[in-house]
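Enquirer: For reference, the sequence and a predicted model appear below.
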Amino acid sequence: MKEKEKIRLSEEELQKRKLSVSDANLFNLRQIYFNQVEKLCRPVLEKAGYWVKNVKLRWLNISPKCPFVEELRYYASFCGLPCLFTFEVGNSWVKYLAVYALYSSQIYLLKEGEYLESEYSEATLRLNIRYFFETRYSSLDKCVCLYARVAQLEHTFFRGRPYLQLLKDLSTRKTVSISQNNLVEAFNNAFLFSEEFRTSELFSLTSQNREQ
C-alpha cells in the first residue's frame with residue numbers, strides 16, 4: 001500500500017512540473033521577441049506559485065533521468081540538442097529551470113542534474129512544430145510526419161533585444177515498421193530510416209497540418 005502511495009505522489013509531482021500554455025498567438029508571427037515569450041509564460045508560472053526571472057534561449061543536453069527526456073527530444077535543433085526558452089523559477093522549497101519549446105504549448109520544470117547547458121551556439125535554428133503518424137499504402141509501414149520551422153536569431157539595433165526571424169517551413173517524413181506499437185519508440189527509430197525534405201513558402205504548412 002505504501003509503495004502505491006509513493007507512485008501516486010510521484011505522478012502528482014510530475015503533473016505539477018508540466019504546465020500548459022496557450023501559444024497559438026505566436027504561430028502566425030514572422031518575428032518573435034523574447035519579451036513576447038516571457039509575457040506568454042510568466043503568468044502561467046506565477047499562477048502555479050513560482051517566482052520567475054531571466055528569460056534566455058539555451059541549448060540543453062537533457063539527462064536520461066529527466067522524466068521529460070522523450071518529450072523534449074522532439075524539439076531538437078540542427079545540432080541535435082533542444083533549443084529552448086528558459087526561465088529561472090522557484091518557490092519557497094526548490095528552484096527549477098523552466099523550459100519552453102516554441103509551439104509546444106508546454107512548460108517543463110527541470111531539476112538540477114536533469115539537464116546540462118551546452119556552449120553550442122548557432123544563429124540558424126530549426127524549431128520543431130509538431131508530428132503525427134499516418135499509415136502508408138503498405139500495411140507494414142507507418143510514416144512519421146514532422147513539421148519544422150527555420151528561424152534566424154537576430155538582435156535589434158537599440159538595446160540589442162534578441163528575437164527570432166522566422167524564415168521558412170520544412171516537412172520531414174520518415175518510415176517505420178508498423179510493428180512499432182510504442183509511438184515514442186517508433187518516433188525515435190524513425191531517425192534510422194531515410195528522410196525526405198521538402199521546402200516550401202513561408203508558413204504554408206501551418207494550422208491546417210497542425211490540426212490534423
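Expert: Arrived safely, thanks for sending. Numbers count the residues shown, from 1 in each chain.

Enquirer: Only C-alpha atoms from now on, for both contacts and neighbour counts.
Expert: Will do.

Enquirer: among the helices and strands of the chain, which one scores worst on average pLDDT?
Expert: helix 207-210 (a mean of 38; mean pLDDT, DSSP states H and E).

Enquirer: What residues of stretch 58-77 count as buried?
Expert: Within stretch 58-77, the residues scored as buried using 16 or more other CA atoms under 10 Å are 58, 59, 60, 61, 62, 68, 72, 73, 74, 75, 76, 77.

Enquirer: Quick one: residues in contact with the host helix or strand of the third one.
Expert: Assigning secondary structure by DSSP states H and E places residue 60 in strand 51-62. Here strand 51-62 makes contact (CA atoms under 8 Å, 6 or more residues apart in numbering) with 34, 38, 42, 45-46, 69, 72, 81-91, 114-121.

Enquirer: CA atoms only for that strand - export them in PDB, please.
Expert: Output of strand 51-62 as PDB, limited to C-alpha atoms (Å, rounded to 0.1, in the frame of the first residue of the first chain):
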ATOM      1  CA  TRP A  51       8.800  33.500  -9.000                       C
ATOM      2  CA  VAL A  52      10.200  34.000 -12.500                       C
ATOM      3  CA  LYS A  53      13.400  35.700 -13.800                       C
ATOM      4  CA  ASN A  54      16.000  35.700 -16.700                       C
ATOM      5  CA  VAL A  55      14.400  34.500 -19.900                       C
ATOM      6  CA  LYS A  56      17.100  33.200 -22.200                       C
ATOM      7  CA  LEU A  57      17.400  31.000 -25.300                       C
ATOM      8  CA  ARG A  58      19.600  27.900 -24.400                       C
ATOM      9  CA  TRP A  59      20.800  24.700 -25.900                       C
ATOM     10  CA  LEU A  60      20.400  21.900 -23.400                       C
ATOM     11  CA  ASN A  61      21.600  18.300 -23.100                       C
ATOM     12  CA  ILE A  62      18.700  16.600 -21.400                       C
END
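
Enquirer: So in that sheet, which strands flank that strand, and in what orientation?
Expert: strand 83-90 (antiparallel), strand 115-117 (antiparallel) (DSSP bridges).

Enquirer: Just the mean pLDDT for it, thanks.
Expert: Taken as a whole, strand 51-62 has an average pLDDT of 91.
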